[in-house]
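Trainee: structure for this input, please:
(one chain, ligands or ions: 1)
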Amino acid sequence: MASDFAVFLGQMIRRPTEVVAIAPSSATVARAMTKGLENTTGPIVEIGPGTGSFTKAILDRGVAPERLTLMEMNPVFCQTLREKFPGVTVLNRPAQEIAQIGLTNINTVISGVPVLARPQIQREVVGRALRVMAPGGEFVQITYSPNAPVSDQMQAELGISVEKRATVWANLPPARVFVFRRIQH
Ligand SMILES: C[S@@+](CC[C@H](N)C(=O)[O-])C[C@H]1O[C@@H](n2cnc3c(N)ncnc32)[C@H](O)[C@@H]1O
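Mentor: Numbers count the residues shown, from 1 in each chain. Coordinates of the predicted model:
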């Protein structure tokens with residue numbers, strides 16, 4: 001089987017606007033992205049899993065495979081994910097369709113989908129997910145930006161709050177982890 005790096009690089013060359021990274025995320029980022037999942041219940045959805053760096057970390061936290069659904073728009077990555085993670089639901093669908101996959105009360109979304117400087121994706125992916133998630137649900141986003149990848153104006157439009165969880169230097173490039181929550185009224 002080809003290495004994760006080789007599969008990732010091949011797809012980055014073919015579909016650069018979707019992959020938007022030069023290598024899979026490091027195990028250190030994956031631990032920061034999945035912190036606290038061992039204390040959760042209910043469905044978890046990972047969007048943009050690529051070759052599964054975060055998927056492995058989610059399962060390593062003790063999350064049962066049947067609680068986890070992956071939404072990945074690249075069919076080559078989906079094939080890799082099905083081989084590596086038996087028992088996990090792998091959907092070859094865009095994250096924009098999270099409201100149509102039959103899940104209620106989603107506890108956490110782990111996101112590798114690039115959202116920085118993409119207002120339409122922020123509305124269709126972040127906004128839509130937080131509307132269908134359980135109250136208090138957390139949307140965890142990786143970004144390479146030191147600042148929140150969603151502007152203050154967009155946060156107000158979507159009715160969300162943003163908190164920085166971590167800066168991870170041990171990644172290529174260095175990564176940040178932000179948590180988005182829906183403001184409860
Ligand atoms: C930067 S890579 C991150 C991969 C992996 N999470 C990691 O950190 O190593 C972005 C991933 O998001 C996927 N992607 C991009 N847009 C998407 C969308 N709208 N819905 C689902 N997956 C998407 C790409 O195919 C790619 O696998």
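Trainee: in the sheet, who's paired with the residue nearest the centre of the chain?
Mentor: Nearest residue to the geometric centre of the chain (CA atoms, centre = their mean): Ser111, 1.4 Å. Beta-bridge partners of Ser111, counted by DSSP bridges, are Ile47, Gln141.
Trainee: what does the pLDDT read for it?
Mentor: pLDDT for Ser111: 98.
Trainee: burial count for the closest residue in space to Gly50 that isn't next to it in sequence?
Mentor: Excluding the flanking residues, the one nearest Gly50 by CB to CB, 6 or more residues apart in numbering is Phe77, at 5.5 Å. Where C-beta positions appear, they are placed from N, C-alpha and C, glycine not excepted. For Phe77, the count of nearby residues is 25 (other CB atoms under 10 Å).
Trainee: my guess is Phe77 is in a helix, correct?
Mentor: Yes. Assigned with DSSP: H, G, I helix; E, B strand; the rest coil, Phe77 falls within a helix.
Trainee: next one: it from Ala156, what distance?
Mentor: Per CB to CB, to the nearest Å, Phe77 is found 34 Å from Ala156.
Trainee: what of Ala30?
Mentor: Taking CB to CB, one finds Ala30 at 31 Å from Ala156.
Trainee: repeat for Leu130
Mentor: Distance from Leu130 to Ala156, by CB to CB: 14 Å.
Trainee: for the closest residue to Gly62 other than its chain neighbours, helix, strand, or coil?
Mentor: Nearest residue to Gly62, sequence neighbours excluded (CB to CB, 6+ apart): Glu38, at 5.0 Å. Here Glu38 is helix, with the state taken from three-state DSSP.
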